[in-house]
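Asker: Based on what follows, work out the 3D shape:
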Amino acid sequence: MTSAKRVHVIGIGGSAMAPLAGMLRESGYTVTGSDSGVYPPASTLLEKLGIPFFDLFDAAHLAEAPDLVVVGNIIARGNPELEEVLDRKIPYRSLPEMLEEVFLPGRHSIVVSGTHGKTTTTAMLAWIFETAGRKPNFLVGGVAENFSKSYGLGGGEEFILEGDEYETAIWDRGPKFFHYHPDDLIITSLEYDHADIYADFAAYELAFQRLVNLVPRKGRLVTWGDTEASGPALRRAAGKALCKVETFGFSPENDWVATEVVPHRDGMKFSVSHGGQPFGEFVLAATGRHNVLNALAAMAVAHGRGISAATIGEALSTFRSVKRRMDVKGEVGGVLVVDDFAHHPTAVRVTIEAARGRWPGRRLWAILEPRSNSMRRKIFEETLPQSLALADRVVLGGVFRAQQLGDEDRMKPEAVAESVRALGKDARVLDSSAEIAEFVAGEAATGDVVLVMSNGSFDGLCEKLVKQLESSAAVPSEARRG
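Answerer: Residues are numbered from 1 along each chain as shown. Alright, predicted model coming up:
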């Protein structure tokens, strides 16, 4: 790999692949790429860095063979560029292998894993280390607002990584995080996810146990210690550790404990004790108790790396989160439109709770697209209604790419909506983003908060809704009533 000069990235439009291309370019490689379509923020980043890319896959892109090809984990056999790589035996690697071979050697690896909160926690850690003047290297699975990008190559001792449990590549079905060699490992939570990859929760949990077993004896494992849904699984994972283990949470038996947690402006205020001793009082510029937990995890690792409570506090108070986490898209006629990445029943619940805390007393709409590989399946039909029913009104979109799943596996949105109605809340299913935008714009009233949740674009619903609200506001109220 050290001799490679020209690298071609197949699947360069991916949320992690475009940042990897940027990291390679900034490290002196000549980089090209291709995808079936490249859109912002990936296209914006690539254009800014002068990385040429193609909006389709074609074997001709490899006519002059690069020194190395990076293959995205969604690229499958039949892709013309992958077939060309295999036919001509052009050297290839996955994204995790590139990190393992090029960027992690010689660095202290800090890996943030878990079902929920890892993107925000990774961005938070990167900002703490930046505030401390540690010039961190980092890779986040989203745009870290403090840096206005998903990665940084500061040149410091640490490399801070979001540890994704999804599979690595077509030739490596193991999770990506096995390649990241953690010195410090955070596990934020453990609940069943990625049903397309893991047959059941036992298989999912086993991947994290194996990850814990890779932490060296001199390393550190930081896990959520409260006795909630993730508790037993996290304790089993911690049992595999041969390193120091620290816990965080709201319960007093944890090593890191947050108390006196209250909403504060557009964030949270709380006190922290460590090992039974006061550590400090903090203001976090992010909403929700779940983000307090994220801050505790980041705090534990940062403190272990010698960063003071005062510096941690400065960073948390200026933290600007990650794009698509409670991201206000606009307010029209007193109706606030908010975009969020939530795509698991637990994430939906804590996001709705955070919205309640941030905008108390306002009627709350929860609009959800069943899009992730787990959410599209039946496995969450029983637990999702309880989360959605925390809102005042609920709208479900149609299942994304529903034709890919058989009736016996596919979630039925109407069944979820019926369960929400049984819990006393209005709920309905509308198939298209255009239908949802028209319906909500016609029903929403001044003071409402419309929370749109999806791990994808939801076919531009937020933008469509803002435009529809603007159109409705431009029509005299008498005409609308008539």
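Asker: Local confidence estimate at the residue nearest the centre of the chain?
Answerer: Ranked by distance to the mean C-alpha position of the chain (Cα atoms, centre = their mean), the top residue is residue 119 at 4.5 Å. Per-residue confidence at residue 119 stands at 91 (pLDDT).
Asker: what helix or strand does it sit in?
Answerer: Under the criterion of DSSP states H and E, residue 119 resides in helix 118-131.
Asker: Distance from the next helix-or-strand element following that helix to the middle of the chain?
Answerer: Following the chain from helix 118-131 toward its C-terminal end, the next helix or strand by DSSP H and E is strand 137-144. The chain centroid and the centroid of strand 137-144 are separated by 10 Å, computed with Cα atoms, centre = their mean, to the nearest Å.
Asker: Let me see the mean pLDDT of strand 137-144.
Answerer: Averaged across strand 137-144, the pLDDT comes to 91.
Asker: Now that residue 77 has come up, it's in contact with residue 87, right?
Answerer: No - the criterion here is Cβ atoms under 8 Å, and residue 77 misses it with residue 87 at 11.9 Å. Quick note: C-beta positions are derived from backbone N, CA and C, even for glycine.
Asker: Taking their axis directions, the helix holding residue 119 and strand 137-144 sit at what angle?
Answerer: Relative orientation of helix 118-131 versus strand 137-144 (axes from the mean of the first three to the mean of the last three Cα atoms, to 10 degrees): 120 degrees.
Asker: and residue 463, which of the three is it?
Answerer: helix (DSSP: H, G, I helix; E, B strand; the rest coil).
Asker: Point out where the stretch 201-350 of the chain drops to low pLDDT.
Answerer: Counting by pLDDT under 70, the low-confidence segments of the stretch 201-350 of the chain come to 228-229.
Asker: and stretch 51-67, which residues are buried?
Answerer: Buried residues in stretch 51-67, defined by neighbour count with 16 or more other Cβ atoms under 10 Å: 51, 53-54, 57, 61-62, 66.
Asker: what's the span of it, first residue to last?
Answerer: End-to-end distance for stretch 51-67: 16 Å, by Cα to Cα, to the nearest Å.
Asker: And for stretch 82-96, what's in contact with it?
Answerer: Stretch 82-96 is touched from outside by 1, 4, 10, 16-17, 20, 59, 62, 65-73, 75-77, 101, 168-172, 176-180, with contacts defined as Cβ atoms under 8 Å, 6 or more residues apart in numbering.
Asker: re the thing from before, can you add secondary structure and distance to residue 399 and give the buried residues of stretch 51-67 back as a markdown table?
Answerer: Below are those laid out as a markdown table (DSSP: H, G, I helix; E, B strand; the rest coil; distance: Cβ to Cβ, whole Å):
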| residue | secondary structure | distance to residue 399 |
| --- | --- | --- |
| 51 | coil | 35 |
| 53 | strand | 31 |
| 54 | strand | 31 |
| 57 | coil | 27 |
| 61 | helix | 34 |
| 62 | helix | 36 |
| 66 | coil | 39 |
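Asker: ok, of those, which one's closest to residue 442?
Answerer: Taking Cβ to Cβ as the measure, residue 442 lies nearest residue 53 of the buried residues of stretch 51-67, at 40.7 Å.
Asker: Who does the residue lying closest to that closest one once chain neighbours are set aside form a beta bridge with?
Answerer: Distances taken as Cβ to Cβ, 6 or more residues apart in numbering put residue 33 closest to residue 53, at 4.3 Å, once the chain neighbours are dropped. The partner list for residue 33 in beta bridges (DSSP bridges) reads residue 9, residue 53.
Asker: how close does residue 33 sit to residue 67?
Answerer: From residue 33 over to residue 67 the distance is 14 Å, taken as Cβ to Cβ, to the nearest Å.
Asker: Tell me the first helix or strand C-terminal of the longest helix along the chain.
Answerer: Of all the elements of type helix in the chain, the one with the most residues (DSSP state H) is helix 289-304. For helix 289-304, the succeeding helix or strand toward the C-terminus, using DSSP H and E, is helix 309-317.
Asker: Now the buried members of the contacts of stretch 82-96.
Answerer: The buried subset of the contacts of stretch 82-96 - by 16+ other Cβ under 10 Å - is 4, 10, 16-17, 20, 62, 66, 68-73, 75, 168-170, 176-180.
Asker: Can you tell me which of the buried residues of stretch 51-67 is closest to residue 314?
Answerer: residue 51 (34.4 Å).
Asker: Kindly list the main-chain dihedrals of that closest one?
Answerer: With angles defined as degrees, to the nearest 10, residue 51 sits at phi -90, psi 110.
Asker: Check residue 177 too.
Answerer: For residue 177, the backbone dihedrals are phi -70, psi -10 (criterion: degrees, to the nearest 10).
Asker: Next: the one 4 residues further on.
Answerer: Backbone dihedrals for residue 181, given as degrees, to the nearest 10, come out at phi 50, psi 60.
Asker: shouldn't residue 244 be in contact with residue 216?
Answerer: No - in this structure, residue 244 sits apart from residue 216 without contact. The criterion is Cβ under 8 Å, and the distance is 10.8 Å.
Asker: between these two, who's got more neighbours?
Answerer: Set side by side, residue 244 and residue 216 show unequal neighbour counts under other Cβ atoms under 10 Å, the larger going to residue 244 at 15 against 11.
Asker: Helices of the stretch 351-482 of the chain, start to end?
Answerer: When secondary structure is read from DSSP state H, counting those that start in this stretch, the stretch 351-482 of the chain shows helices at 384-388, 413-422, 433-443, 461-474, 477-481.
Asker: which of those sits most buried?
Answerer: helix 384-388 (a mean of 22; mean count of other Cβ atoms under 10 Å).
Asker: what sits up against it?
Answerer: 345-346, 348-349, 352, 366, 368, 375, 394, 396, 416, 419-420, 422-423, 425, 427.
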